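Visitor: Predicted model follows, preceded by the sequence.
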Amino acid sequence: MEQYIIEGGTPLVGEVVIGGAKNAALGILAAAIMTDGQCMIDNMPNVRDTNVLLQAMEGIGARVVRKGDNEVLISGKCIDSSGELLVDNEYIRKIRASYYLIGALLGKYKKAKAALPGGCDIGSRPIDQHIKGFRALGADVRIEHGMIMAEAEELRGSHIYLDVVSVGATINIMMAASLAIGNTIIENAAKEPHIVDVANFLNSMGANIKGAGTDVIRIKGVEKFHDTEYSIIPDQIEAGTFMMAAAATRGDVLIRNVIPKHLEAISAKLNEIGAVVEEWDDAVRVAATRRLKHTQIKTLPYPGFPTDMQPQIAVTLGLSKGTSIITESIFENRFRYVDEMRRMGANIKVVDGNTAIISGVERYTGATVETPDLRAGAALVIAGLAAEGYTTVNNIGYIQRGYERFDEKLRGLGGMIEKVDSEREANKYIYKTGTVD
């Protein structure tokens, strides 16, 4: 089992380049099968989630040609529409975003079948809004034997009001509606940057989508899509993770290939607690020379503070002066990392399941911790980098789902971190870097 072994106590200093946005890539890759032409997509993050989705796409007959670590050519021309268009259970249970293939297949072929999705266990994430949208477009949607089956003779535009803001439902409905007959309006739509990126990608193939990034998206259906070349936006969560790592270790890091506008909620909180944040056109610098201050945070849909950054800022606030409060309003299981942080000396109490009261401590101490999910795993790595002594982070497959070359990038900033796959290798690394008291 692969692990990260971390020797903490070294401030992160230097420059790091951010990769493409995982959450945008998953929607864009799925949408690429909607044309019989070719889609050349670059700045694609080479992480487990995107690789699993590409395998799932090949499994239904799409042509996928890797041109490099971060570039892929995709065509849906070879998909056999005479079959049942089943997305293999093996793939969709690994990553939740495989469900984007349902919207893509339904939009193009008017039918799709897939298992109920998996992914990180961070709370209930029902797909009722997806189903509501598909049905509003005229599809017959059933759930039987753990499978979602959607089928329609034709899709027709509709006025759809989402009961809750849902990124996944917004993307899935947007894809299906793009090839429907007539006009569709999605109200109470999600506004995240990756919604805009997927809409821009669909438009580059010939879709007619307006209003992405606002809470009302208007779509005029078109007959078919054509070839395109597209570059995925930078990953705001990877950028935010390195911003928090710089602050927590009292380092000084220049983070390149970012869109500062997408990071405003994160930058504002770092400024508030006393970190230095400087912005350029495509870069941000974060520095912290002294112990930071406390604050209050509530996670909200974009442009609010992102739930995907909640564990990382909790680690930073755990080392800050005073008492901070974090309220999680998106996912009810987001605080599963708290017990692991307590092993490292953090003083965090969870109240009513959705509120963390964090009393700052002077330091963390190294420990062996278990990764409960993707973002919590990244947060535990940050804690290890800031801690005294050695930290072992287990179950790093979660982290590799969404961070490309994470340990390599951290080493480039001076972080003492190594990926190992045995206790012998771990002991060898500890012996090489120093002995534990």
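Guide: That came in fine, so what should we check first?
Visitor: roughly how far apart are residue 295 and residue 397?
Guide: Distance, residue 295 to residue 397, by C-beta to C-beta, to the nearest Å: 32 Å. Placement of C-beta: from N, CA and C, glycine included.
Visitor: more neighbours, these two?
Guide: residue 295 (21 against 13; other C-beta atoms under 10 Å).
Visitor: doesn't residue 317 make contact with the more buried one?
Guide: Yes: counting by C-beta atoms under 8 Å, residue 295 touches residue 317, with 6.9 Å between them.
Visitor: Tell me which helix or strand comes right after the helix or strand bottoming out on mean pLDDT in the chain.
Guide: Using mean pLDDT, DSSP states H and E, the weakest-scoring helix or strand in the chain turns out to be helix 89-92, at a mean of 68. Counting by DSSP states H and E, the element after helix 89-92 in chain order, helix or strand, is helix 100-109.
Visitor: in its sheet, what does the next helix or strand after that next one sit against?
Guide: Using DSSP H and E, the helix or strand that follows helix 100-109 in sequence is strand 111-115. As defined by DSSP bridges, the strand partners of strand 111-115 come to strand 86-87 (parallel), strand 147-151 (antiparallel).
Visitor: So for the last one, what gets flagged as buried?
Guide: Going back to what we said before, that points to strand 147-151. 148, 149, 150, 151 (16 or more other C-beta atoms under 10 Å).
Visitor: Which single one of those residues is nearest to residue 133?
Guide: residue 150 (10.5 Å; C-beta to C-beta).
Visitor: any idea how far the closest one lies from residue 72?
Guide: Counting by C-beta to C-beta - residue 150 and residue 72 are separated by 26 Å.
Visitor: cool, residue 158 as well?
Guide: Taking C-beta to C-beta, one finds residue 158 at 33 Å from residue 72.
Visitor: got CSV for the strands paired with strand 111-115, with mean pLDDT too?
Guide: Shown next, in CSV, are the strands paired with strand 111-115 (pLDDT from 0 to 100):
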stretch, mean pLDDT
strand 86-87, 79
strand 147-151, 90
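Visitor: May I see the ones you listed organised as JSON lines, with distance to residue 286 added?
Guide: Output for the strands paired with strand 111-115, formatted as JSON lines (distance: least, C-beta to C-beta, whole Å):
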{"stretch": "strand 86-87", "distance to residue 286": "40"}
{"stretch": "strand 147-151", "distance to residue 286": "42"}
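Visitor: Which of the ones you listed sits closest to residue 20?
Guide: Using C-beta to C-beta, the strands paired with strand 111-115 put strand 86-87 closest to residue 20, at 22.9 Å.
Visitor: nearest to residue 210, of the buried residues of strand 147-151?
Guide: residue 150 (25.4 Å).
Visitor: residues touching that closest one, list them.
Guide: Listed by C-beta atoms under 8 Å, 6 or more residues apart in numbering, the contact partners of residue 150 are 102, 106, 111, 112, 113, 134, 139, 140, 141.
Visitor: Just grab the bridge partners of it for me.
Guide: Here residue 150 sits in beta bridges with residue 112, residue 141, as judged by DSSP bridges.
Visitor: Return the distance of it relative to residue 103.
Guide: Residue 150 is 9 Å from residue 103, where distance means C-beta to C-beta.
Visitor: any common contacting residues for these two?
Guide: Counting by C-beta under 8 Å, 6+ apart, the residues touching both residue 150 and residue 103 are 112, 134.
Visitor: ok, of the contacts of residue 150, which come out buried?
Guide: Buried, going by 16+ other C-beta under 10 Å: 102, 106, 111, 112, 113, 134, 139, 141, out of the contacts of residue 150.
Visitor: surely the fourth one meets residue 85?
Guide: Same thing as residue 112. Yes: using C-beta under 8 Å, residue 112 is in contact with residue 85, at 5.4 Å.
Visitor: what do these two both touch?
Guide: residue 105.
Visitor: quick one, what contacts residue 151?
Guide: Residue 151 touches 106, 110, 111, 112, 139, 140, counting by C-beta under 8 Å, 6+ apart.
Visitor: What distance do you get for the second one to residue 11?
Guide: Which is residue 110. With C-beta to C-beta as the criterion, residue 110 and residue 11 are 56 Å apart.
Visitor: ditto for the fourth one
Guide: As judged by C-beta to C-beta, residue 112 and residue 11 stand 49 Å apart.
Visitor: all helices for the stretch 251-400 of the chain, in order.
Guide: For the stretch 251-400 of the chain, applying DSSP state H, counting those that start in this stretch gives helices covering 264-272, 310-317, 338-343, 374-386, 397-400.
Visitor: And the fourth one, what's buried?
Guide: In this case it means helix 374-386. Neighbour count says helix 374-386 has 374-386 buried, by 16+ other C-beta under 10 Å.
Visitor: ok, now the third one?
Guide: Buried residues in helix 338-343, defined by neighbour count with 16+ other C-beta under 10 Å: 338, 340, 341, 343.
Visitor: Just give me the closest of these to residue 255.
Guide: Looking across the buried residues of helix 338-343 and measuring by C-beta to C-beta, the closest to residue 255 is residue 341, at 24.1 Å.
Visitor: if I read this right, the closest one contacts residue 317, doesn't it?
Guide: No: judged on C-beta under 8 Å, residue 341 makes no contact with residue 317 at a distance of 10.9 Å.
Visitor: that older thread, what's the overlap in contacts for residue 295 and residue 317?
Guide: With C-beta under 8 Å, 6+ apart, residue 295 and residue 317 have common neighbours 273, 324.
Visitor: Find the nearest non-adjacent residue to residue 157, please.
Guide: Computed as C-beta to C-beta, 6 or more residues apart in numbering, the closest residue to residue 157 that is not its neighbour in sequence is residue 182, at 3.5 Å.
Visitor: Can you tell me how far the one you found is from residue 419?
Guide: 52 Å.
Visitor: quick one: which of these two has more around it?
Guide: Legend: neighbour count by other C-beta under 10 Å for residue 182 and residue 419, higher for residue 419 (17 against 13).
Visitor: The more buried one pairs with what?
Guide: Beta-bridge partners for residue 419, by DSSP bridges, are residue 4.
Visitor: Tell me if I'm right that it and residue 410 touch.
Guide: No: applying C-beta under 8 Å as the test, residue 419 and residue 410 come out as separate, 10.6 Å apart.
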